[in-house]
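Visitor: sequence unknown, structure follows:
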């Protein structure tokens, strides 16, 4: 379709990719000292023991305030709402991982 | 009433460059989605612009008929393909088709669109020789339209929500029809509960695309043993979300099909032979996690010459069949 001699075409997307204004990434903490770490494993391979070992390694380096361990109930979908609630209410830092 | 934002260009080349720069293409040139063309596509399918075809809740995306039509125009579809594209988008956005996982996965799963019923002949969907490859407008553009919707509307963009390590050339387009006329079997859509004269699309997200090739097998059992041995090398995986609904698709070429036809084997006979073997996973073998024999979808396609059956091995998703209206 030409409008004023110009070719007019439509945007094929569902909108801009920018993050929503009401949800932004929290800035990375300067240190893990005193942080509660959420360990979110997706259930593949050795992801869960890997995260446990990673936590143990971190514990040897800094004073962590605890862990929130989440193992997804299904590999292919996000954590359950209750798990999200635990992560956001109890943890201050989250580490996600997968294994194959 | 179209809702999409409009962009004006002095000439067609400027549009091509701008759409590419904005990341709105698969890297290939596109047809300009003018409002007139998009409206014609919607009319051809009897769809209103705002009609919702599906959603991706984890991405807060709602896919409308207008979105699908814009991307179908861009893919190079004819307007009479639009009902097939709309059905394919609906199928892909079924909850158990698992759009978020299958289009974001590291493994680069691709979406296959299999067409059944009279529409194959009406719009010339290739079902026989070379049907997986280029050279057939309906196959090429319908598969591409779905992928453009996945990219542009569902936001599966490399390094954004598409996290594929390698991705797959099948993601440009993968669409074919079942060769119903060349097969002694019930078509796949009839096995799934649709009338023979109801056209359908079946969309599945596949992780591996593998040929089970065997020139020496001369019996149904021998062909199926080769298929099973090939399938075992990859396995079929499922998870709690998918339950017992996981599928794997076998696309049987005519050189293998004739051994089944000569012995009068139906698709159910094939499943009956494979099912007990599938359930016995030996040491060191990969599991084939199907909840029921019907999880094996069997189609006929391809041309003569190569004695092979292609295995469309799934990612974590059901194969969803939708009627074309």
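Guide: That came through fine. The model shown is predicted, which means the values in this text are computed figures rather than measured ones. Numbers count the residues shown, from 1 in each chain, chains lettered A, B, ... in the order given.

Visitor: List the residues that contact residue B:72.
Guide: B:41, B:81, B:82, B:85, B:141, B:145, B:148 (CB atoms under 8 Å, 6 or more residues apart in numbering or on different chains). For every residue, glycine as well, the C-beta is placed using N, CA and C.

Visitor: That one - that's part of a strand, no?
Guide: No. With DSSP: H, G, I helix; E, B strand; the rest coil as the criterion, residue B:72 is assigned helix and is not in a strand.

Visitor: Give me the spatial nearest neighbour of residue A:7, chain neighbours excluded.
Guide: residue B:9 (4.6 Å; CB to CB, 6 or more residues apart in numbering or on different chains).

Visitor: and chain A, which of the contacts of residue B:72 contact it?
Guide: residue B:148 (CB under 8 Å from any CB of the partner chain).

Visitor: can the contacts of residue B:72 go into JSON lines with extra columns for neighbour count, pLDDT and secondary structure?
Guide: Converted to JSON lines, these look like this (neighbours: other CB atoms under 10 Å in any protein chain shown; pLDDT from 0 to 100; DSSP: H, G, I helix; E, B strand; the rest coil):
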{"residue": "B:41", "neighbour count": "29", "pLDDT": "98", "secondary structure": "helix"}
{"residue": "B:81", "neighbour count": "26", "pLDDT": "98", "secondary structure": "helix"}
{"residue": "B:82", "neighbour count": "26", "pLDDT": "98", "secondary structure": "helix"}
{"residue": "B:85", "neighbour count": "32", "pLDDT": "99", "secondary structure": "helix"}
{"residue": "B:141", "neighbour count": "24", "pLDDT": "99", "secondary structure": "helix"}
{"residue": "B:145", "neighbour count": "31", "pLDDT": "99", "secondary structure": "helix"}
{"residue": "B:148", "neighbour count": "26", "pLDDT": "98", "secondary structure": "helix"}
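
Visitor: dump the residue contacts of the residue nearest to residue A:7.
Guide: Counted by CB under 8 Å, 6+ apart, residue B:9 has contacts A:6, A:7, A:8, A:9, B:15, B:18.

Visitor: Quick check on those residues: which are buried?
Guide: With burial judged by 16 or more other CB atoms under 10 Å in any protein chain shown, the buried subset of the contacts of residue B:9 is A:7, A:8, A:9, B:15.

Visitor: Tell me the one of those residues nearest residue B:179?
Guide: Taking CB to CB as the measure, residue B:179 lies nearest residue A:9 of those, at 37.5 Å.

Visitor: ok, that closest one to residue B:53 distance?
Guide: Counting by CB to CB, to the nearest Å, the separation of residue A:9 from residue B:53 is 21 Å.

Visitor: swap in residue A:70?
Guide: Per CB to CB, residue A:70 is found 33 Å from residue B:53.

Visitor: Contact partners for residue 42?
Guide: The chain I'm using is chain A. Contacts for residue A:42 (CB under 8 Å, 6+ apart) come out as A:72, A:75, A:96, A:97, A:98.

Visitor: let's do chain B instead
Guide: Residue B:42 neighbours (CB under 8 Å, 6+ apart): B:48, B:49, B:65, B:66, B:69, B:82.

Visitor: rerun that using 7 Å as the cut-off
Guide: B:49, B:65, B:66, B:69 (CB atoms under 7 Å, 6 or more residues apart in numbering or on different chains).

Visitor: ok so, going back, now, the contacts of residue B:9 that are in strands?
Guide: A:6, A:7, A:8, A:9 (DSSP state E).

Visitor: Just put the residues you listed in a markdown table and tack on pLDDT and distance to residue B:311.
Guide: Formatted as a markdown table, the ones in strands among the contacts of residue B:9 follow (pLDDT from 0 to 100; distance: CB to CB, whole Å):
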| residue | pLDDT | distance to residue B:311 |
| --- | --- | --- |
| A:6 | 95 | 50 |
| A:7 | 97 | 45 |
| A:8 | 98 | 46 |
| A:9 | 98 | 40 |
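
Visitor: Give me the neighbour count for the nearest residue to residue B:123 once chain neighbours are set aside.
Guide: The shortest distance from residue B:123 to any non-neighbouring residue, by CB to CB, 6+ apart, is to residue B:138 (4.8 Å). By the criterion of other CB atoms under 10 Å in any protein chain shown, residue B:138 has 23 neighbours.

Visitor: Check whether residue B:103 really touches residue B:156, as I assumed.
Guide: Yes. If you go by CB atoms under 7 Å, residue B:103 and residue B:156 touch, sitting 3.7 Å apart.

Visitor: Please identify which of those two sits among more neighbours.
Guide: Counted by other CB under 10 Å, residue B:103 and residue B:156 do not tie: residue B:103 has more neighbours, with 29 against 24.

Visitor: By neighbours, which of the contacts of residue A:42 wins?
Guide: Highest neighbour count within those, by other CB under 10 Å: residue A:72, with 23 neighbours.

Visitor: so where's chain A shaky on pLDDT?
Guide: Residue ranges of chain A with pLDDT under 70: A:1-3, A:19-23, A:98-100.

Visitor: Near chain B, which residues of it are found?
Guide: Within chain A, the residues that sit near chain B (CB under 7 Å from any CB of the partner chain) are A:1, A:3, A:6-14, A:17, A:73-78.

Visitor: Just the ones in strands from the residues you listed, please.
Guide: A:3, A:6, A:7, A:8, A:9, A:10.
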